[in-house]
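*Asks:* show me how the following folds:
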Amino acid sequence: MERPSLEINLPDTHEGKLYVVDSLNNLNKLNVCPDGSQHVLDEEENTDDGAGENTAGSNIRNQRMFLVTFILTLIVSLVLVSFVIFLIIQTRNKLDQISSRLIAEKNNIEELKKMHSIILRHLNQSGIQE
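*Replies:* This next block holds a predicted model:
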């Protein structure tokens, strides 16, 4: 398909360039879109004016979501750290109990060794006398 060339003689200003670009965009929309879908494009152009407001609202919503997520992360971290500290304290208490039991058992073993040696001496002395 050959398209006829468009020759537009406008003065070289920025407004003229923008007008040419807008005109070409409108022609492209007419060629690409069927007649029934043109109103969809018009609605999209009308919604672009409020895009700044939507972007600002979305930005505030994103900031709030980030803040809520950050606070929840801090709370979860605090709970986990508290739990770890609790476990460390409980472990230390259990180790203290075990070490005190070991010291008590060590003392009992030493007393048993002394009693054993006393019994052996007594048996040796009584065996000699017979």
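*Asks:* next secondary structure after the lowest-mean-pLDDT helix or strand in the chain?
*Replies:* For the chain, counting by mean pLDDT, DSSP states H and E, helix 38-48 ranks last in confidence among helices and strands (a mean of 53). On the C-terminal side of helix 38-48, the closest following helix or strand by DSSP states H and E is helix 51-129.
*Asks:* contact partners for residue 67?
*Replies:* By Cβ atoms under 8 Å, 6 or more residues apart in numbering, residue 67 lies in contact with nothing. All C-beta atoms are positioned from the backbone trio N, CA, C, and that covers glycine.
*Asks:* so how far is residue 87 from it?
*Replies:* 31 Å (Cβ to Cβ, to the nearest Å).
*Asks:* cool, residue 75 as well?
*Replies:* From residue 75 across to residue 87, the span is 19 Å (Cβ to Cβ).
*Asks:* residue 115 and residue 104, how far apart?
*Replies:* For residue 115 relative to residue 104 (Cβ to Cβ), the value is 17 Å.
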